[in-house]
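Trainee: Quick one: sequence plus predicted model below, questions after.
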Amino acid sequence: MEVNEPEVMITNDAVVFGLLMILLGFVFVTSSSKNAFWQKFYTYFPSVLVCYFLPSVFNSLGIVSGEDSQLYFVASRYLLPASLVLLTLSTDFKEIKKLGSKAIIMFLTGTVGIIIGGPLSILFFSWVAPDVVGGDLSVVWHGMTAIAGSWIGGSANQAAMKEVFDIDKELFSQMVTVDVIVANIWLAFLLIGAGKSKRIDAMFNADASAIEEMKNKIEQYQASIAKIPTVRDVMLVLAVGFGVTGIAHFLADWIAPFIGSHFPALEKYSLTKSFFWLVVIATTAGLGLSFTKLRQLEGVGASKIGSVFIYILVATIGMQMNVLAIVESPGLFLVGIVWMMVHIGLLLGVAKLIKAPFFFVAVGSQANVGGAASAPVVASAFHPSLAPVGVLLAVLGYALGTYGAYLCGILMELAAGG
């Protein structure tokens, strides 16, 4: 059904950007408020959900136009790669290893669950109800890569998949809505489970004593690297983030045309797209720099600056969202539910097998599905000092997100008969 778009009230991107920043500021001030109303509100509506939907409401009401604005282009081409560098720059593989093998196993299990859940959900509905998605599966799988990017890494990887697989705006809007709704339903269950973790651990015969030791290690780690950032520190963080972004753009603009000219058959794998190489190079460079002294920039807030860029990107994505899209294609919501059930089922099965504490299940899952925005929320629901565990695993998710979502996309293409 065609809906007449309302006349746009604000067309100046400078004004729109200011409005988005005010919205983000409002969300973060209220989400950290001690006010009982706001604490209750954000219990049911996580801040990342609000950051998506407030701009989408403005877009739906015709206050701003996501389609006409250039803010998403700027955020995805400049802020996105910079954020990937700054978030992966803090990857400390030694610290992640100290979390214990069960934490890594549960995180990777969650990743595998998402990678195989996408193609399995396509196969399921192609057998049971081919028309449930209301469209051609050969087209729908493109949109599902956006969910894969978000659920393995985060909004950055989701935006990467949007460009890499050239997802239609309307389909992308529907998929973002499915992503946010399904992911936050699961988040609610995880937060409820955190309050019942001892009972769940007893069911799984899990030993959670390692969690206490981890709390002490994390508190010591935080104290050892934290410092008040100077202007020099902030400038160095920005130099690394945007410097690598510039190099990534330079190399991507050379690599993509070269492959297109010499290996045109690789176009079907998106290897001729500059944006694909931009994201891969930025992520790989960030991981490489994490082995150098530059990883100490985390102590002055490198990942915090990267997270700011991510939330700006989230707002610009939300500005393109059609909040009514899910009503038009409810079948996509069912696809998302089945996909998430595969993820959950695999997690619980492996957790039972290796007797992993529910903390590792919850944080391992949310580090994938929610990323750095909400994984610390789940971790801190167990204990405030454990929030960085969510960040560390989520950073690993950012590192794997592009690669995992790309692999998931290829598998979904095969499942759809591509």
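Mentor: It's in.
Trainee: where's Val15 relative to Val8, distance?
Mentor: For Val15, the distance to Val8 equals 11 Å [Cβ to Cβ, to the nearest Å]. In this view, the C-beta of every residue, glycine as well, is placed from N, C-alpha and C.
Trainee: Show me which of those two is the more surrounded one.
Mentor: Val8 (17 against 12; other Cβ atoms under 10 Å).
Trainee: Look up how far Phe53 lies from that one.
Mentor: 19 Å.
Trainee: what does Ala285 give?
Mentor: With Cβ to Cβ as the criterion, Ala285 and Phe53 are 33 Å apart.
Trainee: From the neighbour counts alone, determine which of those two ranks first.
Mentor: Counted by other Cβ under 10 Å, Ala285 and Phe53 do not tie: Ala285 has more neighbours, with 22 against 17.
Trainee: give me the number of residues near the nearest residue to the more buried one once chain neighbours are set aside?
Mentor: With sequence-adjacent residues excluded and distances taken as Cβ to Cβ, 6 or more residues apart in numbering, Ala285 is closest to Val244, at 4.8 Å. The tally of other residues near Val244 (other Cβ under 10 Å) stands at 23.
Trainee: Identify each buried residue in the host helix or strand of Val244, please.
Mentor: Assigned by DSSP states H and E, Val244 falls within helix 231-262. Going by neighbour count (16 or more other Cβ atoms under 10 Å), the buried part of helix 231-262 is 233, 236-237, 240-242, 244-245, 248-249, 251-252, 255-256, 259.
Trainee: What lies in contact with the helix or strand following it?
Mentor: Scanning forward in sequence from helix 231-262 by DSSP H and E, the next helix or strand is helix 274-289. With Cβ atoms under 8 Å, 6 or more residues apart in numbering as the test, helix 274-289 has contacts from 76-77, 80-82, 84-89, 91, 156-157, 160, 163-164, 240, 244-245, 247-249, 251-253, 255-257, 270-271, 295, 398-399, 402-403, 406.
Trainee: How far does stretch 142-159 sit from its chain's centre?
Mentor: Mean-position distance between stretch 142-159 and its chain equals 7 Å (Cα atoms, centre = their mean, to the nearest Å).
Trainee: same question for it, mean pLDDT?
Mentor: Stretch 142-159 comes out with an average pLDDT of 82.
Trainee: Please apply the same query to stretch 344-364.
Mentor: 93.
Trainee: Ends of it, what's the gap?
Mentor: End-to-end distance for stretch 344-364, by Cα to Cα, to the nearest Å: 11 Å.
Trainee: Return the set of buried residues in it.
Mentor: 344, 346-348, 350-351, 356-364.
Trainee: Filter these down to the ones in helices?
Mentor: The members of the buried residues of stretch 344-364 that map onto helices under DSSP state H are 344, 346-348, 350-351, 358-364.
Trainee: would CSV of these with distance to Ser209 be doable?
Mentor: Formatted as CSV, those follow (distance: Cβ to Cβ, whole Å):
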residue, distance to Ser209
Ile344, 26
Leu346, 25
Leu347, 21
Leu348, 21
Val350, 20
Ala351, 16
Phe358, 14
Phe359, 12
Phe360, 13
Val361, 16
Ala362, 17
Val363, 17
Gly364, 18
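Trainee: Can you say which two of those residues are spatially most distant?
Mentor: Greatest spatial distance in these: Leu346 and Phe359, 17.7 Å, computed using Cβ to Cβ.
Trainee: Which residue is the nearest non-sequential neighbour of the residue most central in space within the chain?
Mentor: The centroid of the chain falls nearest to Gly154 when counting by Cα atoms, centre = their mean (0.9 Å). Once flanking residues are discounted, Gly154 sits nearest to Gly371: 2.9 Å by Cβ to Cβ, 6+ apart.
Trainee: Would you confirm that the one you found contacts Gly397?
Mentor: Yes - if you go by Cβ atoms under 8 Å, Gly371 and Gly397 touch, sitting 5.9 Å apart.
Trainee: between the two, which one's more packed in?
Mentor: Taking other Cβ under 10 Å, Gly371 and Gly397 do not tie; Gly371 has more neighbours (32 against 29).
Trainee: Now do the contacts for the more buried one.
Mentor: 150, 153-155, 394, 397-398, 401.
Trainee: How is Val201 classified with respect to secondary structure?
Mentor: Not quite, residue 201 is Asp, not Val. Secondary structure, DSSP: H, G, I helix; E, B strand; the rest coil: Asp201 is helix.
Trainee: what's the answer for Asp68, then?
Mentor: coil.
Trainee: gap between it and Thr11?
Mentor: Computed as Cβ to Cβ, the Asp68 to Thr11 distance reads 7 Å.
Trainee: What residues does Asp166 make contact with?
Mentor: Counting by Cβ under 8 Å, 6+ apart, Asp166 has contacts His142.
Trainee: can you tell me which helix or strand it belongs to?
Mentor: Per DSSP H and E, there is no helix or strand for Asp166.
Trainee: for it, phi and psi?
Mentor: Note on Asp166: backbone dihedrals following degrees, to the nearest 10 are phi 50, psi 60.
Trainee: so what pLDDT did it get?
Mentor: At Asp166, pLDDT is 81.
Trainee: Name the SS class of Pro158, please.
Mentor: Quick fix: residue 158 is Gln, not Pro. Classified using three-state DSSP, Gln158 is helix.
Trainee: how much space between Val377 and Leu61?
Mentor: Applying Cβ to Cβ, the value for Val377 to Leu61 is 29 Å.
Trainee: Tell me which of those two has more neighbours.
Mentor: When Val377 and Leu61 are compared for neighbours, Val377 comes out ahead with 21 against 12, by other Cβ under 10 Å.
Trainee: Please name the nearest non-neighbouring residue to that one.
Mentor: The nearest residue in space to Val377 (Cβ to Cβ, 6+ apart) is Pro46, at 6.9 Å.
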